[in-house]
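# Build me a model from this:
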Amino acid sequence: MMLTEFMAVPRVKGVFTVRERRPHPMIQVSAIASFIVSRNRYANGDLAMILGIWHFACKSHVDLKCVYCRFASTVSDTTSRDTLVSITAANFTALQLKTRVATARGEQIIATIFDNAQEYCPVYEQGVGRQSEMKVGCAATCVGLEDCTPGAFAAKLYYDCVALNLRTKVTTDILYNDIDWDHVRGVIQLHWLSALAEFAPELEHLLPLISNLFRTMFAKHRMCEGRKTPRAIYDFDGKICIEREIDDGLLEILRGDGASYAMLLRLSKFCARLGKFNNKILLLEIWHNGSTTQNSIAANHYGPTTSSDPSSLSTCSSTAGFKRPANVKCCDYYPTVRNCTAIWKAHVLDCWRRSGGSHLYPLAKTNQLPTLDTLLANAATLVDRYASLAVPQHALDAAESTNPATSILFPLANAPPPVQMDTADTMPDLVDIQEASDVPHTAAPETEEAPKCHEELPGFTGDRYMAYLLELYCFLKYDTSVDLRDAVLNNWLVNITGKLGKWIPGDLLQEHYNRWLEDMGQKHGAEFDDEFYRKMISPNVHYFLRIKSCGKTYTSRDVRDEVKLLMALFKEEEVHLFRVGRSMGHAAKSTVFGDFLVEIHRVDHPVQPPSTPTASTDEDEPMRPHSSPSPPCSPSPAPSILSAREDEPTQTGSASPRSPSPASSTLTSDCGSERSTRSIASVASTVDPNEPEDDGDDRILYAPEHLPDGIRTISGGGGGGGGERIFSLQGKGSLYGSLDGGGTQRKKPQSSHL
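The predicted model follows:
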């Protein structure tokens, strides 16, 4: 030991020193380990075994492994694989013993997350038995359950709740009342204030306070701090020793993304009559739901590539230099989220600037910065003005427009410059006009494909996340006891690091593991159900991801420069100011929410013969004022320094902020039959074979001949995007929603006069 230290330690002017990047103790250990392996090949547990498994996890080239093995730095690749198999067997034995003891005690200690694994393996030299193929499989991760009350997973309590069949009484009133609108508004306020604090250096000291509010006041169900999810392993019930005789009286949690959740639902339905799968409770993971929503946002709001609307995502991406997704209906998740987040921050900051947020620097010089409570009060005003679903309805309600609240007054934009006729200097030459007239404006290029008609037949099972979320809501609301619900929510997210703010959904964790599994499948060419995967790879993938070297990923750079460009665009175009008659030509397509509401009304009421479409007017059928819930939870308003600027006029026509009114008051009115209170679960999976086709051209929600009674279409102007369409239900109650145009119709109806 002294000899190796004397040979390895560096000297500076005769004094021994320890280098930071290459300390000599590590070099000593490496040299001594090589000497030991060279003398006795069975004594390889000091360093050679560790480096051998590290090379396997990093997928090092086989020649590299052979060279290091020849120098006695690592063990052979065969020895590394045998070691992994023995480690897996020991881990399975320990897990089986732990599971058996917990099951006998009447407790559940694990939950299983399912997902499909697939990898396309091309063959470049094809022949007999050598063809390119898509290898598919099913992977499952077992995660430990903590913070569960004893007896929470008793199957008898769950069966008793299901037998009550309370979910059949769900109505839209119940769904609406279960939404905490105060909490939603408060969270949006914090996000708006967080965007300002991140961009303004004068308010950086408020970021810890805002983060603390997210974790305390506005946290619906707080995850346990400092908890680290037990290590994850892959396999199924037989491997983790879940015995059928003991497990019948104990519930087991199965989780997965949308496709896996649908598969589990079908499996439970088919196995119900056989007395199997009854003790399995199914949970939907949320990351894939967010990814699907992101694709819907991109498909609806990107607009044409050549759009001139400054509020469309296409124009904003072009201004900021962001790459437009090649397919807006199936985008890369992280780049799209990054781009949309930057655009959203630019919109928020421009709203703050319009309300006086640009005066923070002189206030900081005089030590007169607003407090957190004052900023929250101003954020509430901006949210009510720009980010409330109910504000457009206020503007259209004549009864509420008589005494509008100051918090919702929109600043007015300057009048557009008058249109001037061309003079001799600006008029194009005759030659230019003739050349332009030679180009046909209606004929499509010969290389362009003809438009295709996509028809969704009855029984189409495409995106069903709306029905999945409704099923999850009914499960947590009606089919679980308090202890079981708390146990599910306490383990809703996983944290494999134990650090604050590192909680992720279970399906995202599964995707990280599947990515490594699929890469190994392309490298080794084995099937997912081979022993190579089941005993060597999948049980240890959690450790491989921790010991492997840093990948090719990198941290995203700051988007402050892009946000500045977007803010300059919004300021020049006056996006967040109201200008009468402004329309930029782009309108987003209809959203799933609007289609769902109309579908509910269509199913609950029999279809009547269509009548001649007529345009309703405000004189014939005035909008009714509606009640509003109590204002959201927020600090008491303080004297605002971010009020509207004096040089900007304001637009009247709206009242105090409030949440959108419930939908079912109209759906259940004038109906004394049982159909008026039917379960909404059947609506989520109902497909109407008479649904009209979408020609992708018009911008009205629905044609009058396809709308239920009481719904009328309203054509609105507006600034910052134009083309916004709003619909309302008239009856004993009102259904209020703000949808960005789009929809399906065959014939453009007359629009009511605003």
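
# what's the model's confidence in the longest helix seen in the chain, averaged?
Across the chain, the longest stretch assigned as helix under DSSP state H is helix 77-104. The average pLDDT within helix 77-104 is 87.

# who's in contact with residue 322?
316, 339, 342, 562 (Cβ atoms under 8 Å, 6 or more residues apart in numbering). The C-beta positions use only the backbone N, C-alpha and C, and glycine is treated the same way.

# Quick check: the closest residue to residue 579 other than its chain neighbours vs residue 576, distance?
Once flanking residues are discounted, residue 579 sits nearest to residue 413: 3.9 Å by Cβ to Cβ, 6 or more residues apart in numbering. Between residue 413 and residue 576 the computed distance is 9 Å (Cβ to Cβ, to the nearest Å).

# Correct me if wrong: residue 164 contacts residue 478.
Yes - the criterion here is Cβ atoms under 8 Å, and residue 164 meets it with residue 478 at 7.3 Å.

# So for those two, which sits in the more crowded spot?
Applying other Cβ atoms under 10 Å to residue 164 and residue 478 shows that residue 478 carries more neighbours, namely 16 against 11.

# Now the more buried one: closest residue in space that isn't a chain neighbour?
Using Cβ to Cβ, 6+ apart, the nearest residue to residue 478 is residue 166, at 4.2 Å.

# Dihedrals phi and psi, the residue nearest to residue 354 when sequence neighbours are not counted?
Closest residue to residue 354 in three dimensions, ignoring its sequence neighbours and counting by Cβ to Cβ, 6+ apart: residue 576, at 5.6 Å. Taking degrees, to the nearest 10, you get phi -100, psi 20 for the backbone angles of residue 576.

# and residue 576, how many neighbours?
Per other Cβ under 10 Å, the neighbour tally for residue 576 reads 23.

# Over to residue 206?
As a burial measure, residue 206 scores 21 neighbours (other Cβ under 10 Å).

# Same check on residue 168?
Applying other Cβ under 10 Å, we find 14 residues neighbouring residue 168.

# Could you tell me how far it is located from residue 152?
As for residue 168, its distance to residue 152 is 25 Å (criterion: Cβ to Cβ).

# what do you get for residue 503?
21 Å.

# More neighbours: these two, which one.
residue 152 (23 against 15).

# wait, is that one part of a helix?
No - assigned with DSSP: H, G, I helix; E, B strand; the rest coil, residue 152 falls outside any helix and is coil.

# Who are the contact partners of it?
Listed by Cβ under 8 Å, 6+ apart, the contact set of residue 152 reads 108, 481, 483, 484, 486, 487.

# tell me which of those residues is nearest to residue 38?
Checking the contacts of residue 152 against residue 38 with Cβ to Cβ, the nearest one is residue 108 at 50.6 Å.

# you'd agree the closest one is up against residue 254?
No - applying Cβ under 8 Å as the test, residue 108 and residue 254 come out as separate, 11.8 Å apart.

# quick revisit: pretty sure the residue nearest to residue 354 is touching residue 348, no?
No - the pair residue 576 / residue 348 is not scored as a contact, 10.0 Å apart, by Cβ under 8 Å.

# separation between the residue lying closest to residue 493 once chain neighbours are set aside and residue 258?
With Cβ to Cβ, 6+ apart as the criterion, residue 493 has its nearest non-adjacent residue at 4.0 Å, and that residue is residue 503. Plainly put, residue 503 is 21 Å away from residue 258 if you go by Cβ to Cβ.

# for residue 290, same thing?
In terms of Cβ to Cβ, residue 290 sits 11 Å off from residue 258.

# Can you pick out the residue with more neighbours from these two?
With neighbours defined as other Cβ under 10 Å, residue 290 and residue 258 compare such that residue 258 has more, 19 against 15.

# isn't that one right up against residue 292?
Yes - using Cβ under 8 Å, residue 258 is in contact with residue 292, at 7.3 Å.

# Model confidence for residue 243, exactly?
pLDDT recorded at residue 243 is 55.

# One more: residue 498?
Looking at residue 498, its pLDDT is 82.

# Assign a three-state SS to the nearest residue to it once chain neighbours are set aside, would you?
The spatially closest residue to residue 498, leaving aside those adjacent along the chain, is residue 228, at 3.4 Å (Cβ to Cβ, 6+ apart). Counting by three-state DSSP, the backbone at residue 228 sits in coil.

# tally of neighbours for residue 228?
By the criterion of other Cβ under 10 Å, residue 228 has 14 neighbours.

# So what's the predicted local confidence for it?
77.

# show me the contacts for it.
With contact taken as Cβ under 8 Å, 6+ apart, residue 228 is in contact with 495, 496, 497, 498.

# so the last one sits right up against residue 226, yeah?
Yes - taking Cβ under 8 Å as the definition, residue 498 is a contact partner of residue 226 at 6.4 Å.

# what's the overlap in contacts for those two?
Common neighbours of residue 498 and residue 226, using Cβ under 8 Å, 6+ apart, do not exist here.

# Find the nearest non-adjacent residue to residue 387, please.
Spatial nearest neighbour of residue 387, excluding adjacent residues (Cβ to Cβ, 6+ apart): residue 188 at 5.7 Å.

# what helix or strand does residue 116 sit in?
Using DSSP states H and E, residue 116 falls within strand 110-121.

# Quick one: mean pLDDT over that strand.
For strand 110-121, the mean pLDDT works out to 86.

# could you point out which element follows it?
Once strand 110-121 ends, the next helix or strand along the chain (criterion: DSSP H and E) is strand 133-144.

# Paired strands for that next one, with orientation please.
Using DSSP bridges, strand 133-144 pairs in its sheet with strand 110-121 (antiparallel), strand 233-234 (antiparallel).

# residues of that strand that come out buried?
Neighbour counts over strand 133-144 (16 or more other Cβ atoms under 10 Å) mark 135, 137, 139, 140, 141, 142, 143, 144 as buried.

# next one: stretch 156-175
Within stretch 156-175, the residues that count as buried by 16+ other Cβ under 10 Å are 157, 158, 161, 167, 170, 171, 172, 173, 175.

# same thing with stretch 209-219?
210, 213.

# same question for that stretch, mean pLDDT?
Stretch 209-219 shows a mean pLDDT of 91.

# tell me which element residue 186 falls in.
Applying DSSP H and E, one finds residue 186 within helix 181-199.

# contacting residues for residue 46?
With contacts defined as Cβ under 8 Å, 6+ apart, the neighbours of residue 46 are 29, 32, 33, 36.

# rerun that using 10 Å as the cut-off
When contacts are counted by Cβ atoms under 10 Å, 6 or more residues apart in numbering, residue 46 touches 29, 30, 32, 33, 34, 36, 37.

# Can you flag the buried ones in those?
Buried members of the contacts of residue 46, counted by 16+ other Cβ under 10 Å: 30, 33, 34, 36, 37.

# if we take the residues you listed, which one ends up nearest to residue 15?
residue 30 (23.9 Å).

# Can you list the low-confidence ranges for the stretch 201-350 of the chain?
230-248 (pLDDT under 70).

# Tell me where it has strands.
For the stretch 201-350 of the chain, applying DSSP state E, counting those that start in this stretch gives strands covering 233-234, 252-256, 280-284.
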